[in-house]
Structures are given as C-alpha cells and as structure tokens.
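>>> Pasted the sequence and its predicted model underneath.
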Amino acid sequence: MTNAKAYKGLAMEGPIATWYTRNTGRDLRRFTRMANRIAARTPRDCRVLEVAPGPGYLSIELATRGYPVTAIDISRSFVRIARQNAETAGVRVDVRLGNASAMPLADATFDVAVCSAAFKNFADPVAALNEMHRVLTIGGEASIFDLRKDASADDIDAEIRDMQLTRVNAWLTRMIFRFGLLRAAYTRQDMEKMAAASRFGGCMITNDGIGFEMRLAKTH
C-alpha cells in the first residue's frame with residue numbers, strides 16, 4: 001500500500017523550517033565540501049537537480065560554481081526560503097514545489113541528482129530513487145548524502161560542536177539526533193537493498209564522518 005504521506009515525522013513548515021534554516025546556516029562548510037566533491041567529477045555544463053534542498057544551501061553552492069540548478073521540495077516554507085536565499089546570494093536556482101516520489105519533472109532532464117540529509121525522511125525511498133533514475137539522462141549519476149545509522153555519540157557531539165550553536169540549540173540538536181535522526185537513519189545494508197530494488201540496480205557507498213555518500217549510476 002502506498003503511504004499517503006510523502007515524508008516521515010513532522011512537516012518542515014513554518015517555525016520548524018525557520019529554526020532549521022537558522023541553525024544549519026551557522027556553519028556552511030559541509031555544503032561547501034559536498035559541492036566541491038560533486039564539482040570535482042561534474043563538467044560545468046551538466047544540469048543538476050537537488051531533491052529536498054531545504055533552505056537551499058547546497059543548491060546555492062552548486063549554482064555559485066556555474067551549474068544550472070533545479071531544486072524540488074515538498075515544504076512550501078523551504079521553497080520560499082530557498083528562493084530567498086538564492087536571491088540573496090545572487091545566483092539563480094529554479095526552486096519548485098513537489099514530492100520526491102512523484103516529481104513534476106520531465107524524463108531525462110538532468111545529468112546529476114543529489115539529495116542531502118533528507119533521504120531517511122522519505123516515506124517511499126525506493127520510489128524516490130526510481131524518480132531520480134527517471135529524470136536522469138543515460139550516464140547520469142545520483143548522490144545521496146545522509147546520516148549513518150552507526151554514527152557514534154562522540155562523533156555526533158563533535159559534529160554539533162562544529163555547528164557553532166547556542167547552548168540551548170546544541171542540546172536540542174543533540175536530542176534530535178539521538179531520538180529522531182539516528183532512529184530514522186538507515187544502515188549500509190538497508191541502503192544497498194533499496195538501491196538493488198530500484199531501477200538503478202545497485203550502488204557504491206563510502207563513509208564520510210557521521211554520514212555516507214551513496215552513488216548510483218543510470219546505465220539504461
């Protein structure tokens with residue numbers, strides 16, 4: 001049975017979206033690192049799609065590097081915030097409202113798809129992978145960046161310290177990791193099974209700090 005709700009947990013709207021935007025925006029280094037990693041293997045004329053961009057920080061980093069970027073999010077608040085952030089940064093990002101599991105985008109439109117810190121929240125993750133496969137060109141690649149299920153408490157504490165949060169927000173973020181994000185996170189085996197069940201048919205996973213990157217190639 002198809003899950004009627006496209007995401008797990010609370011809707012990222014209103015004050016929740018604003019709080020998330022403010023706190024993730026305190027330290028943009030991880031978005032810079034992800035953008036650099038993608039740019040190192042992606043020609044400048046490639047069309048990039050970010051799925052569930054949230055406040056749009058990664059999309060903006062990629063657009064700053066000269067890529068034509070489209071971003072799609074199910075949160076109306078994040079669509080508005082990402083558009084504002086892109087305008088403030090002086091770059092063009094085509095931010096649209098839509099569901100990762102049923103994207104209102106044409107087939108074979110993009111050369112690269114990326115999803116950061118959102119995949120674990122999708123109600124139908126295999127459908128989301130299939131949608132990424134559909135909108136990619138042959139030879140295109142998707143990258144999923146997310147939290148590792150086996151990330152240690154010490155590693156998470158170090159990550160939170162780097163976020164430069166206030167004491168209250170650091171405590172709240174630690175609780176969110178412990179009681180929300182880690183419980184929702186997938187194991188490597190989970191990700192490999194989902195990739196195998198998708199139209200991609202397989203993946204390559206590498207660990208990166210408290211997270212991982214899963215790369216999937218469209219070969220057919």
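Nice, I can see it.

>>> Only C-alpha atoms from now on, for both contacts and neighbour counts.
Noted.

>>> so who does the nearest residue to Pro125 once chain neighbours are set aside touch?
Take Pro125 and drop its neighbours on the chain: the residue closest to it by C-alpha to C-alpha, 6 or more residues apart in numbering is Phe119, 6.8 Å away. Phe119 sits next to 125, 144-146 when contact means C-alpha atoms under 8 Å, 6 or more residues apart in numbering.

>>> Among those, find the lowest-pLDDT one for me.
Lowest pLDDT of the contacts of Phe119: Asp146, 91.

>>> Now do the helices in the protein.
14-24, 29-39, 57-64, 76-89, 125-135, 153-162, 167-176, 182-184, 188-197 (DSSP state H).

>>> With distance to Val95 added, can I get those helices in TSV?
As requested, those are arranged in TSV below (distance: least, C-alpha to C-alpha, whole Å):
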stretch	distance to Val95
helix 14-24	16
helix 29-39	17
helix 57-64	9
helix 76-89	6
helix 125-135	16
helix 153-162	28
helix 167-176	27
helix 182-184	26
helix 188-197	26
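
>>> so which of these gets nearest Met103?
Among those, helix 125-135 comes nearest to Met103, with 6.8 Å by C-alpha to C-alpha.

>>> Against which helices or strands is that closest one packed?
Packing partners of helix 125-135 (3 or more C-alpha pairs under 8 Å, 6 or more residues apart in numbering; DSSP states H and E): helix 188-197.

>>> List the buried residues of the helix it packs on.
By 16 or more other C-alpha atoms under 10 Å, the buried positions in helix 188-197 come out as 188, 191-192, 194-195.

>>> How about Gly56: what's its closest non-neighbour residue?
Leaving aside its sequence neighbours, Gly56 sits nearest to Ala82 (C-alpha to C-alpha, 6+ apart; 4.5 Å).

>>> Tell me who's in contact with the one you found.
Contacts of Ala82 (C-alpha under 8 Å, 6+ apart): 53-57, 95.

>>> Please give the number of neighbouring residues around Ala35.
The number of residues packed around Ala35, counting by other C-alpha atoms under 10 Å, is 20.

>>> just to revisit the earlier point, I'd like the contacts of Phe119 laid out as a markdown table, including distance to Met103 and neighbour count.
Below are these laid out as a markdown table (distance: C-alpha to C-alpha, whole Å; neighbours: other C-alpha atoms under 10 Å):
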| residue | distance to Met103 | neighbour count |
| --- | --- | --- |
| Pro125 | 13 | 20 |
| Ile144 | 17 | 20 |
| Phe145 | 19 | 22 |
| Asp146 | 20 | 22 |
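
>>> so which of these comes closest to Cys115?
Checking the contacts of Phe119 against Cys115 with C-alpha to C-alpha, the nearest one is Ile144 at 4.9 Å.

>>> what residue lies at the spatial centre of this structure?
Ser116 (2.0 Å; C-alpha atoms, centre = their mean).

>>> Run through the residues that contact that one.
By C-alpha under 8 Å, 6+ apart, the neighbours of Ser116 are 51-53, 144-146.

>>> let's go with 10 Å and repeat that
31, 34, 50-54, 58, 143-147, 213 (C-alpha atoms under 10 Å, 6 or more residues apart in numbering).

>>> Same check on Pro125?
6-7, 100-101, 119, 131, 191, 194-195, 198.

>>> Look up how far Val95 lies from the nearest residue to Ala128 once chain neighbours are set aside.
Sequence neighbours aside, Ser101 is the residue nearest to Ala128 in space, at 4.2 Å (criterion: C-alpha to C-alpha, 6+ apart). Computed as C-alpha to C-alpha, to the nearest Å, the Ser101 to Val95 distance reads 17 Å.
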